[in-house]
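Q: Everything below, folded, please.
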Amino acid sequence: MMTTTPDHPPTHTRASGFLGRGPLFWLGLTLAGMGTLAGLALSEAIANEAALLLLAIVPVLTMFATFRAMFNAAPPPDASGAQNGAQTGAAQRRYTKRVALFTSLYLATFAGRVLLDDGHTIPVAAHYAIAILPGLAIIGGFWAIGRLIVEESDEFLRMLTVRQTLIASALAISAATIWGFLESADLVPHIDAYWYAAVWFVGLIVGALINRIEHGTWGAV
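A: A predicted model of the protein is given here:
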């Protein structure tokens, strides 16, 4: 969308948030979903692994909605940065398409895993492939963020994205380390390692909050 005035050149404006809701709304839904999921798992209210992973789709989707709302809520480039802003927009569009692709692949491969594992006898090699495919889709999400860092032309936005990934990595590794020591002491139940990828993505939201507090903007992710 473009707006003009007699005394000023055209400037680009963005929609507020995502689907009419700001980042804090989607962030609240994501944290509530993750908290509910963790409570159900730790209390063993839902002990079925497939059911828990299916429920995990909800906070995954709201998390990506949070990231989209954060980007839309960021101020648009001014006239002096129009070219740089156009390059930033192109990088963001490619990032959004990649995330949508890998999220769709994750949902499809995981649904296939649940269906085939549900009482079906399949070869061992196929079982390995089915188990690995959802993980490869998550790795694709990591790659998409890495490509955004490489392709982002705005140095400030690139710095914010790098900060987010470092904060997310520190949070996920710290959680894995602390929980591992607690688990080895038989103080907490076992948690499958793939949940730390979910912690990493939540860490991106934490990093975005820190960016907002320290620099006044959510960043590009």
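
Q: From the chain's centroid, how far away is stretch 95-111?
A: 11 Å (CA atoms, centre = their mean, to the nearest Å).

Q: before we move on, what about stretch 25-39?
A: 13 Å.

Q: Output it as CSV, restricted to C-alpha atoms.
A: Coordinates of the C-alpha atoms in stretch 25-39 are reproduced here as CSV (Å, rounded to 0.1, in the frame of the first residue of the first chain):
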residue,chain,number,x,y,z
PHE,A,25,-1.6,-11.4,21.1
TRP,A,26,0.1,-14.2,19.0
LEU,A,27,2.9,-14.4,21.5
GLY,A,28,0.4,-14.9,24.4
LEU,A,29,-1.3,-17.7,22.4
THR,A,30,2.1,-19.4,21.7
LEU,A,31,3.3,-19.3,25.3
ALA,A,32,-0.1,-20.5,26.5
GLY,A,33,-0.1,-23.3,24.0
MET,A,34,3.5,-24.4,25.0
GLY,A,35,2.7,-24.1,28.7
THR,A,36,-0.5,-26.2,28.3
LEU,A,37,1.4,-28.8,26.2
ALA,A,38,4.2,-29.0,28.8
GLY,A,39,1.7,-29.4,31.6
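
Q: Pull out the buried positions in that stretch.
A: Phe25, Trp26, Leu27, Leu29, Thr30, Leu31, Gly33, Met34, Leu37 (16 or more other CB atoms under 10 Å). In this view, the C-beta of every residue, glycine as well, is placed from N, C-alpha and C.

Q: Is Ala197 in contact with Leu136, as I believe?
A: No. Between Ala197 and Leu136 there is no contact, the gap being 11.8 Å when judged by CB atoms under 8 Å.
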